Each structure stands twice: as structure tokens, then as C-alpha cells.
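[1] Below: sequence and its predicted model.
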Amino acid sequence: MVTRALALVMAPLERLWALAAVMLVWHVYAVIQGFNRIVLPTPLSVLANIVEEWPLYAPKLALTMTVAIAGLILGAALGALGAIAAWISRIASAFVATSALVVRSVPFVVFIPILSRMMGYNVTMEITIVALLSFFPSFVLVSSGLSALPPSALDVSRAFGATTIKRLIYIALPISLTNLVAALRLSAARVVLGAMVAEFLTGLDGLGSVFLLARADLESERALGAAVIAAAAALILVQVGEALERWMNRRMT
Amino acid sequence: MARVLEQGWLRSLLGFALFFILWETAGRTGALGASFPSLSEIATAFDTPVKRGLFTRSMAVTVHSSLIAFAVGAAIAVGLALISAVLPSLENGIDSLASGIYAIPAIAFGPILILIAGPETTPIVLGVLSAFFPIYGAFVSGLRFTPSAYLDLSGALGASRARAFLLLKVPHAMPALIDGLRLGAPGAILGVVLGEWFGAPRGLGVVIVGSMQNVRIPQLWAAALLVVACSLIAYFALSALHRLCVRRFAW
Amino acid sequence: MSAASSAALAVEGISKSFRLGRESFQALRGIDLALAAGEFVSVVGPSGCGKSTLLRIIAGLETPDAGRVTIGSSTPAETTAAHRLGIAFQDHALLPWLSVAENIALPYRLAGMTVDQARVQELARLVGLGDFLRARPRQLSGGMRQRVSIARAMVLKPVVLLLDEPFGALDLVTRRHLNLEMQRIWGELGTTALLITHSVDEAVQFGNRVFVMAARPGRMHAEFAVKLPRPRDRRVTASPEFVALVQKVAAALDDATAASTASGMPG
Ligand SMILES: Nc1ncnc2c1ncn2[C@@H]1O[C@H](COP(=O)(O)OP(=O)(O)O)[C@@H](O)[C@H]1O
Ligand SMILES: [Mg+2]
């Protein structure tokens, strides 16, 4: 009984000790250095600030996450459509190979300043940036799913005389759904970054612009508050993505 | 065989030529707006010694920071991966720390790093954080999914755990590690540039924000393209290493 | 020629080579086969002799280098395009995200026809899966999956039914049981059918005729007529006639295997 209870207490600890350690190091560092609240706030004071100023944070969090999720879905959908178009027209391979390379090696974030110059400092630009971030993973993963359809499934569709469209609907799309969800999961980690960087660089409203204002006003607590909120929101988004992927994998196998 | 290769070369060459011609025309005609310069316009960003000097100095800073960030990030990633493989009780904690670092947008670390590390070191630390995850993730999965036949072999030969680890698991995980490294290198560069946007004194990132704010379009493009070029060079160099490694350790 | 043109399924002079690296390797050479309407023919042969390749050529999934296949008066491509071919693959090839009922109904969907739910359920019952309509393939045993694949092969009332080792992955007991059921089902449908198997027992149990193939290159080695009464239940399979025929076919198969090895030796 006691060991059971102990195990229940220990289970989350086993995963969370590292997070707790980071918090502790932050706290001890802030205290030992004897920094005052303005230079390096403790984790507790940041949490207190979040609670206190929640009405200020909430609309900014909502803005950033709306843009991030809208761009994520838009980009992934366009990527999947592009992959399907490339698959139907059979021009995929060259495009896909290049895109896969681009996804792995090009730091897209450096294009944010360029895009914001080209499109202006507005929400359309912000969504475009986020969508661009999620477009390529989706295009690449869905294409690779479509190009690696199980031969046996293709045999079935051919032997029963399916047209390309029927093959797409009943075989290719269900299979590439798994890849699409994997792409969503992969991009979930990057879209909040994209949205916040855009806000940070252009001053568009959202969590990213809080950094900018707080820095100007030397309000460290608020900058850290926004950072903690953004971190938590991004973690949750990634968790949702992972849960979706697990569900889809169970559903499809 | 040689002829096929030649044709492949020819085709990619043609592809690139077409790409650059399209870019040049789009820039000259202004089809994509005034902020989309032609290649020759971008080249004007390098046309005086002063301008060239700015780019060489900035690039030196960014590359230097990126190299440090990459080395430190790789060392931490490899160290933590080995620890989590040797001490399974720490595995879950390290994993959740790593996935936290992965999921949290790098920019969210900016404010605290500015306070702790200062604006000159922040780029390096952000570079470390963004190089870390791909390397850790790849190496750990290489270490964890050792083919069971290898383990049966070491079991049947009565190899000690340490020997099995060093002689079977680590070599098996080498290609995965190098793959992680080649993803980590662009990650390091991205982190460094991002960090430079938090008030660093020098670097390509600084040039990028500066030219964005002052609407110096050719300079903005030139700096961004230099960052991309650095990433591509790092990625291709490590890809070559990856090919060697696969030939050596995989079958 | 005249025999072939009146056949429900005619295979004439089929040859097929595969490229193996730089060399080419002949999988089938000069295969002839003619099935009368409603006939059930079995083909046995050593593993790798080209049985699946032959079936895939008949189904239009591979193109032969020489020779031709005629189903009724159509080519394989015409037959599949008209959705009149039924095939059960060696690896059953069920779609893991579809239920049993949906897998059986898949040919309707692929053909763009409305699903005849009554027929799907009837076939599921026929193969003994009436209670598993909503199950997913991973929840089924190997034998049950094979039966789903057989039901799927028959759902569109094909003019010819191709079965590639449909009982291959099964244990002996399940196999016996399924064999009897299959015979009953086939008896009810009366479709022209070609069964690929590596079990002589099975070949004789099902076939009006049994062909024995030899390997490298894959070719017809011997043919036997099976004049035993149906249904070939345990009384028939225990009869001396059945046992004698099985022994004869098995001897031919041993012979074919020896011939394959000999001709397959380099030098
Ligand atoms: N697509 C292919 N490419 C190359 N070789 C093949 C291909 N399909 C089958 N083969 C070869 O043809 C031979 C016959 O294969 P198969 O028809 O599957 O034999 P069986 O079904 O009798 O076991 C085998 O040696 C196999 O390796
Ligand atoms: Mg076979």
C-alpha cells in the first residue's frame, strides 16, 4: 500500500525532475546573485506576475495562438494538396527531393524579416510566415507517404479495376493521413516560434511583442511572464499534436 | 553510367540557371514588389570595400558563434544521450527535458538569457539549445533501437554490458548521430541568428534586423542569403561525413 | 487454338523475365493453361517457381514478355477495368484501417458502385465471419484474415477467381476446416477458379485438374485429372484413390523440384 502510494508520487517525478531542477537552479541563481527583482526575477515572482496580470496576457496569448494554429492548418493543408497534385501529375520526385533538403537545411526564420518587408507588418504576413513553416514538412511527408504506398494495397486497387481517383480516395488518402498528422506534430513546435518572431520583429500585437515592449520599459518580469506563457502554450500544442499522431497511428494500423 | 551522371548534372545545372533567370526577371520587373530585388541588385550590397567589410566581420561573428554553439550543443547532446542510455532511471527525465527544449520556441528563452548571459552570449546559448535536440533525439533513438540480433550475439558471447555498449550499440548508433549532427548544424545557425536579434552588437542577424528596419533591401537579402548559404554548406559537409559513416557502420 | 478460344480462361505461351542487377532471369517460360467455364484448377510447384508471377500476369498486374492471357473474350486489363476479376493475395493485403465489412466491400468502392450490404454480409457469413463485421484486421487471426480476403475476392461475382496460396499461412487444423468451407462456397458459386498452392493435398482436394510446375525457368511439368466425387470431405480424402493420386502428384512435384535444381545449377 505504502509502496503503491510512493510509486504514484514518484511517477511524475521521474519525468519532471529535470524541469524541477531547471526551476531550482533559476531560483537559487536569482537569490544567490542577490539580484534585485528588476534584473532577474525568481520563478515565483514571475508566476505571481502571470496571475496578477493575466488580463493583459490573455488576449496576446489568444492572438499568437490563433495565428499559429491558423497558419499551421493552412500550411499543412496546402502542403498536402500540393503533394496530391504532384502525385496525380507524377512530377513529384524532383520537387519532393528538393523540398526535403530545404526542410532539413534552410533556417526559414531568417526569411521573416524579408517577408514582413514584402507583405507589410500585418496579420496576413504573420499567417503567411507560419503557413510557410508548416507547408514544407506537410508537402514532403505526404509526398513520401504517397510515393511509398504499400505495393499490396496498390495491387488490390489495380486488380479490382480502380481508377486513379478511386485509388486516391480509398487507398492513398487514408494512408497519407498518417503522414499529414505527423507533419502537423512536427510543425507544431515551429509555428509558435514563427508567429512570435514575426511579432517580436515587427511589433505586431501578440506574446512576441511583449518582449519588445517589456525590454524597452525594463520590465523583466513581464518579458519572462510572456516567455513562460508562450513556452507552456507551445508545449501543450506539441502534446496535442503527439496525441493526435498516436490516435491516428492506432486508427490506421 | 558516366553519361547518366553527366545528364543528371546537366539537368540540375539547367534547373539552377532557370531558377536564377526567373529570379532576375522577377526582380527587374518588380513582379513581386519593390522588396523583391533582382540578383544583380542584391549583389550591390557587396559593391564597396566598406560594405564588404561589414559582411565579412558580421559573418565571422555569426560563424564563430555557430561553431561554438554547435560544438557545445553536440557535446551536451551526446553526453546526455550516453547518460540516459547507461542510467535508465534518468532516461525519462532527460527525455522530457529534451522534448521541453524542443517544444518551447527558442525565442521564449530570449528574455531570460538576456538577463543571465547578456546580449553577447545569448546568440551562442540559443544556438546550443536549438542544435541540441536533433542531435540528442537522433543519437538516443540510434542507441535505443539496437537490432535484437546484435544483442543476442553479445548475450551468447557473454559480453559484459559495458563491452556490448561500446562495441555494438555505439557503433550502430553512429550513422544516426551524424544524421542528428547534420540537422543540428542549421539549428545552431538559426539559434545564433535569432539570439543576435536580442540586441547583440555584431553578426549577420544584426545586419538583417538593421536592414529590415532601415529598408535596405539588397543588404537584407544578402545577409539572409549568406545565413542560408552557411546552413547549406554545413549541411552538405556533414552529409558527406554521413555517407562515409553509413558505409562504415551500416550494412 | 480452338480449345483456348472456347475457354473461360486461356493462358497461351506466357514467358516472363525479371532483371536481376545486370542479368536477366527467366521466371516463366512458355506457360499454357486453359480453364473451362466453372472449372477449378490447382497449380502446385516448388517455392519460387513463378506461381505468383503467373497469377499476377493473369490479373494484369504484370505484363508478360511473350504470350497472351484471355479471360472469356477479354484481356486481363479489360477484365479488371470491368471489375470482373476476383483475386485473393498471398499476403491477404487487407487495409488495416477498414473493418471486416468495409474490407469485403472495398471492391464496390474501388469500382465506384454502390455497396450491396446484403451481399457483403452474406459473404461474411459464408466465410464464417458474420459476427466479426466490425472487427479490424489486426484483431483477427491469420486464418480469419485470409477468409476476409477470399470473401473480398468473390464479392463482385467475378468471372474468374484467382487464389494465391490462400491457406498458406495457416496451421493444419484451421487449414482443413477452411478447405472444406471453401469447397462448399465454391460449390455454391460455381465460378471458374485457379488455385495456387504448395500443398499437394490441397491441390488434389480442390482441383478438377492439378498442374505441377518446375522452377528456373518456371514451366509446366505435369498435369493430372482429378476424377473424385464432390464434396471432397473426409470420406473422400481418406479413400485409397485420393491417397494414391496425392502420392502420384507428390512424386511429380519431387521430380519437378529435382529438375529445377539440376537446371538451375550454373555451369
Ligand atoms: N518483381 C520482381 N522482380 C524480380 N524478380 C522477381 C519479381 N517477382 C518475382 N521475382 C522472382 O521470380 C521468381 C518467381 O517468383 P514467384 O512468382 O513469387 O514464385 P512463387 O510464387 O512460385 O513462390 C522468384 O525467383 C522471384 O524472386
Ligand atoms: Mg508466391
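    It's in. Ligands and ions are numbered 1, 2, ... in the order given.
[2] can we go C-alpha only for contacts and neighbour counts from here?
    Will do.
[3] How about residue 60: what's its closest non-neighbour residue?
    Since you didn't name a chain, this refers to chain A. residue A:206 (4.2 Å; CA to CA, 6 or more residues apart in numbering or on different chains).
[4] my bad, chain C
    residue C:76 (5.0 Å).
[5] thinking the one you found is in contact with residue C:68, fair?
    No - judged on CA atoms under 8 Å, residue C:76 makes no contact with residue C:68 at a distance of 9.3 Å.
[6] Compare these two and say which is more crowded by neighbours.
    Using other CA atoms under 10 Å in any protein chain shown, the more surrounded residue of residue C:76 and residue C:68 is residue C:76, with 25 against 19.
[7] which SSE is the nearest residue to residue C:222 once chain neighbours are set aside in?
    Using CA to CA, 6+ apart and skipping residues adjacent in sequence, the residue nearest residue C:222 is residue C:212, 5.1 Å away. Assigned by DSSP states H and E, residue C:212 belongs to strand C:209-214.
[8] tell me what that strand is packed against?
    Contacts defined by 3 or more CA pairs under 8 Å, 6 or more residues apart in numbering or on different chains; DSSP states H and E place strand C:209-214 against strand C:40-44, strand C:219-225, helix C:240-264.
[9] Pretty sure residue B:200 sits against residue B:117.
    No - contact criterion CA under 8 Å: residue B:200 and residue B:117 do not qualify, at 11.4 Å.
[10] the more surrounded of these two?
    Taking other CA under 10 Å, residue B:200 and residue B:117 do not tie; residue B:200 has more neighbours (19 against 14).
[11] Quick one: classify that one as helix, strand or coil.
    coil (DSSP: H, G, I helix; E, B strand; the rest coil).
[12] Look at residue C:120 and say how many residues are nearby.
    26.
[13] So it sits against residue C:154, correct?
    No - the pair residue C:120 / residue C:154 is not scored as a contact, 9.7 Å apart, by CA under 8 Å.
[14] Let me see the contact set for residue C:201.
    residue C:246 (CA atoms under 8 Å, 6 or more residues apart in numbering or on different chains).
[15] Which strand or helix spans it?
    With DSSP H and E as the test, residue C:201 turns up in helix C:200-206.
[16] Next one: that helix, is it in contact with ligand 1?
    No - shown here: helix C:200-206 not in contact with ligand 1 (CA under 6 Å from any ligand atom), separated by at least 14.0 Å.
[17] Average pLDDT for that helix, rounded please.
    Mean pLDDT, helix C:200-206: 90.
[18] circling back: how about the helices and strands packed on strand C:209-214 in TSV, adding mean pLDDT?
    Converted to TSV, those look like this (pLDDT from 0 to 100):
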stretch	mean pLDDT
strand C:40-44	94
strand C:219-225	90
helix C:240-264	83
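[19] For the ones you listed, state which one has the densest average packing.
    For the helices and strands packed on strand C:209-214, the largest average neighbour count (mean count of other CA atoms under 10 Å in any protein chain shown) is found in strand C:40-44, namely a mean of 25.
[20] distance between that strand and the chain's centre?
    With CA atoms, centre = their mean, to the nearest Å as the basis, strand C:40-44 stands 7 Å off its chain's centre.
[21] One more: stretch C:33-41?
    12 Å.
[22] From the centroid of the chain, which residue is nearest?
    No chain specified, so I'll use chain A. residue A:188 (1.8 Å; CA atoms, centre = their mean).
[23] try again with chain C
    Chain C, centroid-nearest residue using CA atoms, centre = their mean: residue C:163 at 2.4 Å.
[24] partners of the one helix or strand it maps to in the sheet?
    Per DSSP H and E, residue C:163 falls inside strand C:160-164. According to DSSP bridges, strand C:160-164 forms sheet pairs with strand C:85-88 (parallel), strand C:192-197 (parallel).
[25] Serialize the ones you listed to a markdown table and add fields for mean neighbour count, mean pLDDT and distance to residue B:69.
    Output for those, formatted as a markdown table (neighbours: other CA atoms under 10 Å in any protein chain shown; pLDDT from 0 to 100; distance: least, CA to CA, whole Å):
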| stretch | mean neighbour count | mean pLDDT | distance to residue B:69 |
| --- | --- | --- | --- |
| strand C:85-88 | 28 | 92 | 57 |
| strand C:192-197 | 24 | 93 | 62 |
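[26] so which of these gets nearest ligand 1?
    strand C:192-197 (8.1 Å; CA to the nearest ligand atom).
[27] Can you pull out the low-pLDDT segments for the stretch 1-150 of chain A?
    Applying pLDDT under 70 to the stretch 1-150 of chain A picks out residues A:1-16, A:34-39, A:90-94.
[28] residues touching the residue nearest to residue A:60, list them.
    With CA under 8 Å, 6+ apart, residue A:206 has these contacts: A:59-64, A:196, A:199.
[29] Got a PyMOL select line for the buried ones in those?
    Selection of buried members from the contacts of residue A:206 for PyMOL, criterion 16 or more other CA atoms under 10 Å in any protein chain shown:
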select buried, chain A and resi 60+61+63+64+196+199
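[30] Give me the subset of the contacts of residue A:206 lying in helices.
    Counting by DSSP state H, the contacts of residue A:206 place A:59-64, A:196, A:199 in helices.
[31] Output the set of residues of the stretch 1-150 of chain C in proximity to ligand 1.
    C:18, C:27, C:47-53.
[32] from the stretch 51-200 of chain C, which residue is nearest to chain B?
    Distances between the stretch 51-200 of chain C and chain B by CA to the nearest CA are smallest at residue C:138, namely 23.9 Å.
[33] Could I get the pLDDT score of that residue?
    88.
[34] separation between it and residue A:178?
    Distance of residue C:138 to residue A:178, given as CA to CA, to the nearest Å: 17 Å.
[35] These two: which is more packed in?
    residue A:178 (24 against 14).
[36] Mind telling me what element that one is part of?
    helix A:173-202.
[37] The residue nearest in space to the middle of chain B: what's it in contact with?
    Closest to where the C-alpha atoms of chain B average out (CA atoms, centre = their mean) is residue B:186, at 1.7 Å. By CA under 8 Å, 6+ apart, the contact list for residue B:186 reads A:104-107, B:131, B:231-232, B:234-235.
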